[in-house]
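# Requesting a structural model of the entry that follows:
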Amino acid sequence: MKSPVRLLRSIRTKAAALFVAVASCAALATAAAPAHADTQICEQYGTTVIQGQYVVQNNRWGTSAEQCVNVTANGFDVTRAEGSVPTNGAPKSYPSVFNGCHYTNCSPGTKLPAQLSTISSAPSSVSYRYVDNAVYDAAYDIWLDPTPRTDGVNRTEIMIWFNRVGPVQPVGSQTGTATVAGRSWEVWTGNNGGNDVISFVAPSAIASWSFDVMDFVDATVARGMAQNSWYLTSVQAGFEPWQGGAGLGLGSFSSSVELGGGSGGPVEPEEPEEPAEPGACRVSYTANSWAGGFTADVKVTNTGTTAVDGWALGFTLPAGQTVTQAWNATLTPSSGTVRAVNAAFNRRLEPGGSQSFGFQGAYSGTYAKATQFTLNGAVCTTA
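Numbers count the residues shown, from 1 in each chain. You can find the predicted model right below:
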């Protein structure tokens, strides 16, 4: 028998259809409403509220060059986008609209942060206007964290690339393909030095779409890059320009979060998933233990054909084990499901190449080795 969560998630298609119908009615009502006075934002982190529930942000974080957005009743247009940054690095900005919380700024009446296990669906709709005389991606961002945080950087960022123009690519490297929410995607995984990133890249431009955010969350959990005990903190839609960007526009945006995934009572176990396919990685874990303590030397090898630029190795420590110090990587948390993130000098894994790190720990009971290794969310084989 399926759990209440799975039963609720199984009716998303019908819910999405109803959502689209309601959205169409809302669009007719909006058309009949009084005219909305546009708002110009040129301040670096300037914001304003639209529809009484979403925040539009200029969010010019990667350049000192001027950027302005004209905020309409339902979206925004980029009217000025000066400057450029190298295409092999981070973009210069992320003009966008969001539902949820972003660096302590929470949208009016939002239900976020919300624990994933309590969300039955999160229907959303977005439409974009593209230009060809710029280098950019059109990205929908979904942010997840182990805590219900409303400030700072979250643990995992899910990106849905609706379009990309120019020589730009997501963080990390392509680690596979997937069908999510009825569409086919390239799947890229990596770490940008501050958080894990999984990107679903459309093979061709998508101008508008209505979908359920939880379909992408579920796909991320299945790849080991989040857990159902984590929190959805915000969803955002906008553009990441590297060069230019004037003329880009977001015509409409809607987002809601339906709670009720958890009843508070006993829940039957989920039906078992198919085991994950091994990724292009291999891990060697060599330990030396003594009464109450141990050291571990970990070597991760890229067995694929493309380089991994920025890595995070996830693994599970047995109960009773705690990390006390580490070298050549940053390990968090100190027990349970641990994530080791590369140092600045060893962030790149060439095809066939390896990087190593180590740590010292304490334990109680009987010593056992760590298990369940994943590289940027992809399951690794063990040597």
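# most distant residue from the middle of the protein?
Ranking residues of the chain by C-alpha distance from their mean position (C-alpha atoms, centre = their mean) puts Ala291 at the top, at 40.9 Å.
# what sits against Gly109?
52-53 (C-beta atoms under 8 Å, 6 or more residues apart in numbering). The way it works is simple: take the backbone N, C-alpha and C, and place the C-beta from them, glycine included.
# ok, it to Arg149 distance?
Distance check for Gly109 against Arg149: by C-beta to C-beta, to the nearest Å, it reads 19 Å.
# swap in Val235?
Note on Val235: its distance to Arg149, by C-beta to C-beta, is 15 Å.
# Looking at the two, which has the bigger crowd around it?
For Val235 versus Arg149, neighbours defined as other C-beta atoms under 10 Å are more numerous around Val235 (29 against 16).
# Does whichever helix or strand that one is part of pack against any helices or strands, and if so which?
Taking DSSP states H and E as the criterion, Val235 maps to strand 231-243. In terms of contacts (3 or more C-beta pairs under 8 Å, 6 or more residues apart in numbering; DSSP states H and E), strand 231-243 is packed against strand 76-81, strand 96-102, strand 114-115, strand 123-129, strand 135-145, helix 213-222, strand 249-255.
# Quick one: closest of these to Thr48.
Proximity to Thr48 (C-beta to C-beta) singles out strand 76-81 among the helices and strands packed on strand 231-243, at 9.1 Å.
# Can you name every helix or strand that that closest one contacts?
Here strand 76-81 touches strand 67-71, strand 231-243, strand 249-255, going by 3+ C-beta pairs under 8 Å, 6+ apart.
# Take the ones you listed and write them to TSV, including mean pLDDT.
Putting the helices and strands packed on strand 76-81 into TSV (pLDDT from 0 to 100) gives the following:
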stretch	mean pLDDT
strand 67-71	98
strand 231-243	98
strand 249-255	97
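# winner for burial among these?
Mean neighbour counts were taken over those using mean count of other C-beta atoms under 10 Å, and the top value, a mean of 26, falls to strand 231-243.
# and the angle for it with strand 67-71?
Orientation of strand 231-243 against strand 67-71 (axes from the mean of the first three to the mean of the last three C-alpha atoms, to 10 degrees) gives an angle of 120 degrees.
# next one: strand 231-243 to chain centre, how far?
9 Å (C-alpha atoms, centre = their mean, to the nearest Å).
# pLDDT weak spots in the chain?
By pLDDT under 70, the weakly predicted segments of the chain are 1-36, 261-279.
# Around Gly247, how many other residues sit close by?
Around Gly247 there are 15 residues (other C-beta under 10 Å).
# Excluding sequence neighbours, find me the nearest residue to it.
Spatial nearest neighbour of Gly247, chain neighbours left out: Val131 (4.1 Å); criterion: C-beta to C-beta, 6 or more residues apart in numbering.
# how close does the one you found get to Arg60?
18 Å.
# What is the one helix or strand Thr175 maps to packed up against?
Secondary structure from DSSP H and E places Thr175 in strand 173-180. If you count contacts as 3+ C-beta pairs under 8 Å, 6+ apart, strand 173-180 packs onto strand 183-191, helix 213-222, strand 278-290.
# quick revisit: who has more neighbours out of Val131 and Arg60?
Arg60 (26 against 17).
# The more buried one contacts Gln67, doesn't it?
Yes - using C-beta atoms under 8 Å, Arg60 is in contact with Gln67, at 4.5 Å.
# what touches both of the two?
Common neighbours of Arg60 and Gln67 are listed as 92-93, 95 (criterion: C-beta under 8 Å, 6+ apart).
# Out of those residues, grab the one that's most surrounded.
In terms of neighbours by other C-beta under 10 Å, the shared contacts of Arg60 and Gln67 top out with Ser93 at 28 neighbours.
# show me what contacts that residue?
Here Ser93 is in contact with 58-63, 67, 81, 240-241, 245 (C-beta under 8 Å, 6+ apart).
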